[in-house]
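> Provided below are the primary sequence and the corresponding predicted coordinates.
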Amino acid sequence: MRMIFNLTDPLTRCKAVTAGILSAGFISATTIYLTATESYENSLAEFESSRKYAYELERIGGKAALVANCINNWFAGLWHGQTLSYTIAAVTIILAVVYYFIATSLEAEAQDIRAENQTCFFQDEWEKGVPVPFSVTKSNYDLPDDKC
């Protein structure tokens, strides 16, 4: 059984792009995870973990400086070694979900606008048998009476 995707359909195209984003991100994350090493060495790590450093930092900048230093160290750690693969996987999921919801909501809005803007300009010509200036089949053109 062979499946053929109709990429002219906006929803199918949206799903295909979302799947592409997810697959590219997860392949990248897996590659980084398998090849990364945890040998990131901070030359000041021993000093930054000492009580003297914490005391001096608190004395100069207060508790806010201690919290900011802690957050800064955590954030810097996200971009090294195997934790980078987790970061890329999380960013990939967030990006794919945001893209999917924005794209599908824009497409739904576009369909609503197209439905509102449909006119029945050629409906009288269909009934009279007058040829229309573009290729339209009767089955594709049938509109409900409330749209006219």
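Happy to help now that I have it.

> residue 54: what's it in contact with?
Going by CB atoms under 8 Å, 6 or more residues apart in numbering, residue 54 touches residue 66. For every residue, glycine as well, the C-beta is placed using N, CA and C.

> helix or strand for it, which one?
Using DSSP states H and E, residue 54 sits within helix 51-77.

> buried sites along that helix?
57, 69 (16 or more other CB atoms under 10 Å).

> so this protein: which segments form each domain?
10-119, 120-148 (automatic domain parsing).

> quick revisit: and the next helix or strand past the helix holding residue 54?
helix 82-117.

> show me what that following helix packs onto, helices and strands only.
helix 10-35 (3 or more CB pairs under 8 Å, 6 or more residues apart in numbering; DSSP states H and E).

> how near is residue 101 to residue 63?
Applying CB to CB, to the nearest Å, the value for residue 101 to residue 63 is 39 Å.

> got the confidence number for the closest residue to residue 100 other than its chain neighbours?
Leaving aside its chain neighbours, residue 100 sits nearest to residue 18 (4.7 Å; criterion: CB to CB, 6 or more residues apart in numbering). Residue 18 is assigned 95 on the pLDDT scale.

> kindly report the same for the one 10 residues further on.
With respect to pLDDT, residue 28 scores 96.

> what about it, neighbour count?
Residues near residue 28, counting by other CB atoms under 10 Å, number 15.

> correct me, but it touches residue 91?
No: with contact defined as CB atoms under 8 Å, residue 28 does not reach residue 91; the gap is 10.1 Å.

> residues contacting residue 47?
Contact partners of residue 47, counting by CB under 8 Å, 6+ apart, are residue 53.
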